[in-house]
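Chemist: what follows is a predicted protein model with its sequence.
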Amino acid sequence: MTTEITGRSAAEIAASVREFIERGSLQPGDALPSVRALADGLGVNRNTAVAAYRQLTQAGLVVTLGRGGTRVADRSTVAQEGYAPDSVLRDVATGNPDPELIPDPSTALAGVVGHRVLYGEPVIDHGLERWADAWMRADLAPADLRLTVTSGAADAVERLLAQALVRDDAVALEDPCFLTSIHTVRVGGYRAVPVPVDEEGMTAAGLRAALEQGVRAVVSTPRAQNPTGVSLSERRAHELRAVLSDHPYVLVIEDDHFSMLSRAPFHSLIGPEHRRWALVRSVSKFLGPDMCLAVTASDPDTGERLAMRLTPGTTWVSHLLQRLTLALVTDPAVAEGITRAGAHYADRNRAFAELLTVHGVPTTAGDGLNLWVPLPVPAREVSERLMRRGWLARTGDEFSLGTVPASHRLRLTVHDLGDAEADRLAADIAAAVAAAGGELRPARVR
């Protein structure tokens with residue numbers, strides 16, 4: 001390939017590589033020559049080769065992978081949450097909340113219309129701002145904060161990264177990781193640096209290693225981590241804050257997506273002296289995915305930059321939606337329903353984990369909407385056998401960044417299964433494991 005690339009200047013070399021990519025001669029994932037090989041082959045200074053690759057990286061055409069070299073960027077789509085289109089199988093891979101547990105907004109909606117919002121008015125509705133300020137301050141150590149409202153958590157994370165990073169900057173992500181976070185980092189042209197997750201959350205050693213690789217941002221889920229269901233323990237949060245204390249200007253983003261539904265206490269990575277941080281809380285899990293609103297609390301500088309990307313006249317969040325959110329979260333009946341919903345998800349996941357354990361597939365339920373099921377055989381084999389039995393399951397491979405054996409995991413959404421369906425799915429998973437050569441270890445549940 002070195003002999004085919006042409007050019008004497010960085011711009012000419014970059015244009016030559018770009019032409020190969022556009023014509024399809026270079027495919028996503030293909031390796032490019034090392035800087036040394038490229039420079040020697042073209043008879044140019046190595047700095048020229050470095051500059052050419054930098055131009056291609058900034059254009060999102062290639063990615064640098066450290067010892068993995070430079071490769072053509074992968075533009076394939078990342079799997080997303082939600083129902084599989086046109087499937088006749090019983091879908092237990094959705095990641096959706098139960099629609100029966102989402103509050104009906106009809107009554108509240110009638111009471112939020114009236115005041116007409118015009119250009120130039122405050123971006124955040126005053127009532128929502130007062131409520132959200134108390135909600136966020138209850139769990140944050142830094143006293144000085146700024147509130148911003150965005151169109152959901154993914155919108156907030158994307159804008160937070162965009163205001164702080166440039167293409168090819170490194171971002172620490174949990175591994176296994178939430179699908180939307182993988183997608184956001186890939187589309188933004190950033191480099192994902194995986195940090196393993198264990199039963200107490202993101203590991204301190206993994207975060208330390210990521211920081212040593214120069215990450216400029218960390219995205220963490222303090223509760224109900226998707227897909228594992230793990231929540232940060234108090235001990236682990238303390239360890240992570242200690243690691244971050246030497247890196248106060250690394251942007252720390254906490255996505256507390258399950259917030260009001262969570263059965264776990266909130267423990268934060270954000271220490272009182274950390275300088276760049278944001279806590280994001282969406283309402284989509286308890287008020288419904290169509291309620292595209294999230295509240296972000298952040299340090300004033302980050303908040304100012306984020307607000308600049310949400311100025312009136314461009315992309316502020318509808319005040320009707322803001323008022324509707326406030327009306328629902330301050331309604332005692334809705335609050336009681338949210339509490340019941342959180343208990344329902346926890347109870348159904350725990351019950352199904354116990355069913356699997358009885359059938360010989362030991363499983364522990366975490367927090368959140370899903371179950372992270374360990375298997376003694378590759379998950380793809382099990383999922384293929386489940387398809388023959390009428391089930392559509394999601395393997396852990398889709399959530400993996402490469403540091404954990406996700407290929408031996410299933411992520412299941414089972415909270416909406418009836419008892420008979422749950423019994424049948426647990427039995428079918430055990431049968432699929434056995435048929436794939438896995439050893440079943442039936443256990444009695446106390």
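Modeler: That came through, no problem. Residues are numbered from 1 along each chain as shown.
Chemist: so residue 184 sits in a strand?
Modeler: No - with DSSP: H, G, I helix; E, B strand; the rest coil as the criterion, residue 184 is located in helix rather than a strand.
Chemist: pLDDT value on the closest residue to residue 187 other than its chain neighbours, please?
Modeler: Excluding its sequence neighbours, the residue lying closest to residue 187 (Cβ to Cβ, 6 or more residues apart in numbering) is residue 158, at 8.0 Å. Bear in mind the C-beta positions are built from the backbone N, C-alpha and C, glycine included. What the model reports as pLDDT for residue 158 is 94.
Chemist: quick check: longest helix in the protein by residues?
Modeler: helix 332-358 (DSSP state H).
Chemist: that helix - contacts with which helices or strands?
Modeler: On a contact count with 3 or more Cβ pairs under 8 Å, 6 or more residues apart in numbering; DSSP states H and E, helix 332-358 meets helix 284-287, strand 371-374, helix 419-435.
Chemist: any idea which helix or strand carries residue 63?
Modeler: strand 62-64 (DSSP states H and E).
Chemist: following element in sequence after that strand, please.
Modeler: strand 70-72.
Chemist: for the helix or strand just after that next one, packing partners?
Modeler: Moving toward the C-terminus from strand 70-72, the next helix or strand (DSSP H and E) is strand 90-91. Packed against strand 90-91 by the contact rule (3+ Cβ pairs under 8 Å, 6+ apart) you find strand 391-392.
Chemist: tell me the strands beside the worst-scoring helix or strand of the chain on mean pLDDT, with direction?
Modeler: Lowest by mean pLDDT, DSSP states H and E among the helices and strands of the chain is strand 62-64, with a mean of 78. Taking DSSP bridges as the criterion, strand 62-64 sits next to strand 70-72 (antiparallel) in its sheet.
Chemist: for residue 380, give me its contacts.
Modeler: Going by Cβ atoms under 8 Å, 6 or more residues apart in numbering, residue 380 touches 395, 397, 407.
Chemist: just to revisit the earlier point, how far away is the residue nearest to residue 187 from residue 173?
Modeler: 14 Å (Cβ to Cβ, to the nearest Å).
Chemist: surely residue 410 is in contact with residue 395?
Modeler: Yes - using Cβ atoms under 8 Å, residue 410 makes contact with residue 395 at a distance of 6.2 Å.
Chemist: have a look at those two and say which one is more surrounded.
Modeler: Set residue 410 next to residue 395 and count neighbours by other Cβ atoms under 10 Å: residue 410 wins out with 28 against 23.
Chemist: so what sits opposite that one in the bridge?
Modeler: residue 373, residue 395.
Chemist: that one and residue 391: what is the separation?
Modeler: Residue 410 is 10 Å from residue 391, by Cβ to Cβ.
Chemist: continuing past the lengthiest strand in the chain, what's the next helix or strand?
Modeler: Secondary structure of the chain per DSSP state E: the longest strand is strand 191-198. Using DSSP H and E, the helix or strand that follows strand 191-198 towards the C-terminus is strand 201-202.
Chemist: and the contacts of stretch 121-128?
Modeler: Under the contact criterion Cβ under 8 Å, 6+ apart, stretch 121-128 has outside partners 132, 147-149, 295, 307, 310-312, 316-317, 319, 322-323, 325-326.
Chemist: 7 Å instead?
Modeler: The contact list for stretch 121-128, computed with Cβ atoms under 7 Å, 6 or more residues apart in numbering, reads 147, 149, 307, 310, 312, 316, 319, 322, 323, 325, 326.
Chemist: could you list which of these belong to helices?
Modeler: Reading helices off the contacts of stretch 121-128 with DSSP H, I get 307, 319, 322, 323, 325, 326.
Chemist: just give the nearest non-adjacent residue to the second one, would you?
Modeler: In space, and not counting its chain neighbours, residue 319 is closest to residue 117: 4.5 Å by Cβ to Cβ, 6+ apart.
Chemist: next one: the first one
Modeler: Closest residue in space to residue 307, ignoring its immediate chain neighbours: residue 148 at 5.6 Å, by Cβ to Cβ, 6+ apart.
Chemist: again with the third one
Modeler: Distances taken as Cβ to Cβ, 6+ apart put residue 125 closest to residue 322, at 4.1 Å, once the chain neighbours are dropped.
Chemist: how much space separates that neighbour from residue 259?
Modeler: Taking Cβ to Cβ, one finds residue 125 at 19 Å from residue 259.
Chemist: and if you look at residue 396?
Modeler: Distance of residue 396 to residue 259, computed by Cβ to Cβ: 25 Å.
Chemist: just residue 421 next, same as before
Modeler: Taking Cβ to Cβ, one finds residue 421 at 29 Å from residue 259.
Chemist: these two: which is more packed in?
Modeler: residue 259 (23 against 14).
Chemist: with adjacent residues omitted, what lies nearest to that one?
Modeler: Ranked by Cβ to Cβ, 6+ apart and with sequence neighbours excluded, the top spatial neighbour of residue 259 is residue 281, at 4.8 Å.
Chemist: go on, residue 261?
Modeler: The nearest residue in space to residue 261 (Cβ to Cβ, 6+ apart) is residue 342, at 4.0 Å.
Chemist: looking at the contacts of residue 380, which gets the smallest pLDDT?
Modeler: residue 407 (87).
Chemist: got the contact list for it?
Modeler: By Cβ under 7 Å, 6+ apart, the contact list for residue 407 reads 378, 379, 396, 397.
Chemist: what of residue 70?
Modeler: Applying Cβ under 7 Å, 6+ apart to residue 70 gives the contacts 32, 53, 62, 64.
Chemist: do the same with residue 287
Modeler: Contacts of residue 287 by Cβ under 7 Å, 6+ apart are 102, 103, 325, 328.
Chemist: tell me which two of those residues sit farthest apart.
Modeler: The largest separation in these, counting by Cβ to Cβ, is between 102 and 325 at 13.1 Å.
Chemist: run through the chain and note the low-pLDDT ranges.
Modeler: 1-3, 66-68, 75-80, 311-315, 404-406, 445-446 (pLDDT under 70).
Chemist: domain boundaries for it, per the record?
Modeler: Domain ranges of the chain: 10-72, 90-98+334-435, 116-326, per automatic domain parsing.
Chemist: I figured the residue nearest to residue 261 hits residue 264, correct?
Modeler: No - Residue 342 is not in contact with residue 264 according to Cβ atoms under 7 Å; the separation is 10.3 Å.
Chemist: of the two, which one has the most company?
Modeler: residue 342 (21 against 18).
Chemist: dump the residue contacts of that one.
Modeler: In this structure, residue 342 makes contact with 261, 262, 263, judged by Cβ under 7 Å, 6+ apart.
Chemist: now with 8 Å, please.
Modeler: By Cβ under 8 Å, 6+ apart, residue 342 lies in contact with 260, 261, 262, 263, 286.
Chemist: show me which pair in those residues is furthest apart.
Modeler: Farthest pair in the contacts of residue 342 (Cβ to Cβ) is 263 and 286. Separation: 13.1 Å.
Chemist: neighbour count winner among these two?
Modeler: Using other Cβ under 10 Å as the criterion, residue 263 and residue 286 rank with residue 286 on top: 24 against 16.
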